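> here's a sequence, model it:
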Amino acid sequence: MRIRRLAAVLAVGVTATLVPALAPAQASAADPLHGFHNQRPAWHRCDTSMPAAYQCATIDVPLDYSRPTGRTIKLAISRMKAGGSAERHGAILFNPGGPGANGLAMPVAMNDTMPKDVRERYDLIGFDPRGVGRSTPVTCGLTAAERKVEHPYRPETFNRDVTWARSVAEKCRTENGDMLRHITTRNTARDMDVIRAVLGEKKISYLGFSYGTYLGAVYTQMFPQRTDRFVLDSAVDPARVWRGMIQVWAEGAEPAFARWTKWTAQRDRTYHLGSTPAAVKASFWDLVARADRDPIPYENQKLSGDDLRAGLRPQFFSPIEAAETVAALKAAADGKPTSHRIVGLAGAPAPRSPGETDAQPPADNGSAVFWSVVCGDTSAWPRRIDQYRRDAIQDKARHPLYGDFGSNITPCPFWTRPAEPVTTVHNNVRLLTVQNQWDPQTPLVSGLGMHRALTASRMVYVEGGEGHGVYSGDPRACANRAVNAYLSTGQLPTRDLTCEASGSQNAGLGKSTVPIPQRVPGAPGF
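Coordinates of the predicted model:
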């Protein structure tokens with residue numbers, strides 16, 4: 001969940017200017033990236049409506065790192081300097097998630113989030129990953145309908161879904177040509193290392209959320225000697241990229257749904273959805289069946305049962321949020337007025353990407369990068385179309401809420417095969433992972449997978465914690481104290497730490513406030 005102030009910060013466009021061409025020094029045989037590493041960014045104020053200390057620049061990076069003398073692309077970077085503090089430790093990079101989310105304004109957000117004694121130790125560094133936003137953007141020319149990611153399985157619509165998936169892949173290939181094969185996590189990690197060198201740092205620190213945890217883990221695998229203090233918040237399981245991470249949304253939803261039925265049954269006088277878990281469950285599925293027969297009118301929308309299954313999946317991880325929404329939908333279906341604002345269901349417009357303007361980047365930029373990365377990182381996507389049909393049928397029976405969505409066809413079986421193998425993440429780099437128990441986008445099983453892969457990591461687990469993202473600006477919260485202590489001293493906890501949810505992280509009492517974009521149904525991203 002995002003900090004309220006962040007929405008305003010990220011909505012402001014950031015004007016970038018180009019740096020001069022690469023430094024004239026020729027790439028040496030010992031370091032083929034010498035020219036890239038020795039760039040001198042033309043730092044300037046990002047925008048007059050933003051803090052003067054928030055500076056932007058643009059650097060060049062190779063499109064294809066195996067051919068560094070070939071085509072280059074632009075990378076938009078930003079910073080807020082530590083201010084010459086004697087306590088300065090180095091530079092810390094941020095990634096808000098995605099893949100496909102803008103990160104240029106992260107220094108402003110994190111300057112407001114981190115306590116003073118932490119942020120003064122670092123130059124805060126943001127960047128739009130390759131292909132994203134103010135960096136050289138990719139677009140596939142996708143319509144709003146083509147940008148919709150979530151497709152339920154139905155026998156009568158499966159062929160239409162296959163046509164959609166093939167069309168997206170073909171459009172992306174036509175619009176981008178060979179560039180598409182190089183919009184990958186491994187290349188973004190290489191870009192991070194160029195940023196490190198340009199900043200004059202021997203090592204970098206890092207705070208990544210959601211997809212950003214996988215990006216950070218890949219960096220530790222590729223550049224372990226250049227990894228300093230890394231925090232991975234709400235982690236992707238690196239063994240499940242990427243189809244498995246979409247399927248894990250369905251797996252994680254079932255225990256969250258069961259928890260919701262128990263919680264709501266205890267509050268039948270408030271929500272009137274049933275006094276037993278079985279009755280609450282029946283109320284929900286009756287509502288889904290009713291919406292399939294006669295879509296529920298809500299704010300100029302008509303919500304089907306499939307819309308309810310997809311839209312409510314992340315809400316079930318917060319019982320109070322889901323109970324209020326289901327009760328409001330039931331009232332709407334009965335023709336009764338409701339004051340409850342139903343957020344994120346089908347038909348609602350997707351939020352604008354941070355920093356997005358009408359002219360730049362293209363409207364489908366987030367979707368184009370999302371598919372470029374999840375299809376281009378790994379060749380593990382099945383190529384036989386019938387397997388998607390079989391898996392969707394099987395998983396809908398196994399995970400009724402979302403199983404068919406998670407296993408249905410995507411553009412990936414029609415994508416150009418990856419340029420290089422997927423990264424196997426398994427190392428003993430010492431870093432910190434943090435994880436809520438009830439996370440809808442990277443469920444606990446996913447965070448544990450990352451923790452196992454990074455054998456020397458320590459985990460901060462928030463028991464009862466809800467929401468996607470843990471680290472926030474509350475200095476009293478147990479998990480935040482652990483993260484801040486690590487970033488300040490470099491010392492990891494001696495063992496894994498369990499925190500009880502409290503305050504903004506308290507189960508059922510509110511949302512976590514973390515500077516990562518809020519994902520809505522139909523919009524891509526982790």
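> can you pull out the strands in the stretch 201-350 of the chain?
204-209, 227-233, 296-298, 301-303 (DSSP state E, counting those that start in this stretch).
> just for this protein, where's the confidence low?
1-29, 84, 339-360, 503-524 (pLDDT under 70).
> mind running it again at 50?
In the predicted model of the chain, residues 1-27, 346-359, 504-521 satisfy pLDDT under 50.
> how about the helix or strand hosting residue 397: buried residues?
If you go by DSSP states H and E, residue 397 is part of helix 385-398. Using 16 or more other Cβ atoms under 10 Å as the test for burial, helix 385-398 gives 388, 389, 391, 392, 393, 395, 396. Yep, even glycine has a C-beta here, placed from its N, CA and C like the rest.
> can you tell me how far the last one is from residue 468?
With the distance defined as Cβ to Cβ, to the nearest Å, residue 396 ends up 24 Å from residue 468.
> again with the first one
Using Cβ to Cβ, one gets 26 Å for the distance from residue 388 to residue 468.
> the longest helix seen in the chain vs helix 385-398, what angle?
Ranked by residue count, the top helix of the chain under DSSP state H comes out as helix 243-265. Taking axes from the mean of the first three to the mean of the last three Cα atoms, to 10 degrees, one finds helix 243-265 and helix 385-398 inclined to each other by 20 degrees.
> counting contacts, what elements does helix 243-265 pack onto?
helix 277-293, helix 319-333, helix 403-407, helix 444-453 (3 or more Cβ pairs under 8 Å, 6 or more residues apart in numbering; DSSP states H and E).
> list the buried residues in the last one.
This means helix 444-453. 444, 446, 447, 448, 449, 450, 451, 453.
> for these, give me CSV that also has distance to residue 188.
Shown next, in CSV, are these (distance: Cβ to Cβ, whole Å):
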residue, distance to residue 188
444, 26
446, 20
447, 21
448, 24
449, 21
450, 17
451, 22
453, 19
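> out of these, which one sits closest to residue 56?
Closest to residue 56 out of those is residue 450 (31.3 Å), distances taken as Cβ to Cβ.
> can you pull out the helices in the stretch 51-200 of the chain?
106-113, 116-119, 158-176, 185-198 (DSSP state H, counting those that start in this stretch).
> ok, how many other residues are close to residue 255?
Close neighbours of residue 255, defined as other Cβ atoms under 10 Å, add up to 15.
> so how far is residue 322 from it?
Distance from residue 255 to residue 322, by Cβ to Cβ: 13 Å.
> same thing with residue 425?
To residue 322, residue 425 is 33 Å away according to Cβ to Cβ.
> for residue 372, list the residues it contacts.
The contact partners of residue 372, taken as Cβ atoms under 8 Å, 6 or more residues apart in numbering, are 99, 131, 138, 172, 176, 180, 183, 184.
> closest to residue 410 out of those?
Taking these together and measuring to residue 410 by Cβ to Cβ, the closest member is residue 172, at 12.3 Å.
> residue 246 contacts residue 406, correct?
Yes - applying Cβ atoms under 8 Å as the test, residue 246 and residue 406 come out as touching, 5.1 Å apart.
> what about those two, which has more around it?
Neighbours were counted for residue 246 and for residue 406 using other Cβ under 10 Å; residue 406 has more, 25 against 22.
> contacts only, for the more buried one.
Contacts of residue 406 (Cβ under 8 Å, 6+ apart): 246, 247, 248, 249, 250, 395, 399.
> now swap in residue 254 and tell me
399, 401.
> any idea how far it lies from residue 406?
12 Å.
> and what of residue 329?
The value you get for residue 329 to residue 406, if Cβ to Cβ is used, is 22 Å.
> ok, residue 371 - how many residues close by?
Residue 371 has 30 nearby residues by other Cβ under 10 Å.
> correct me if wrong: it contacts residue 416.
No - in this structure, residue 371 is not within contact of residue 416 by Cβ under 8 Å, at 11.4 Å.
> looking at the helices of the stretch 51-200 of the chain, which is nearest to residue 298?
helix 158-176 (24.9 Å).
> can you name the residues that contact residue 312?
Residue 312 neighbours (Cβ under 8 Å, 6+ apart): 322, 325, 326, 345, 401.
> again with residue 268
274, 275.
> cool, thanks, talk later.
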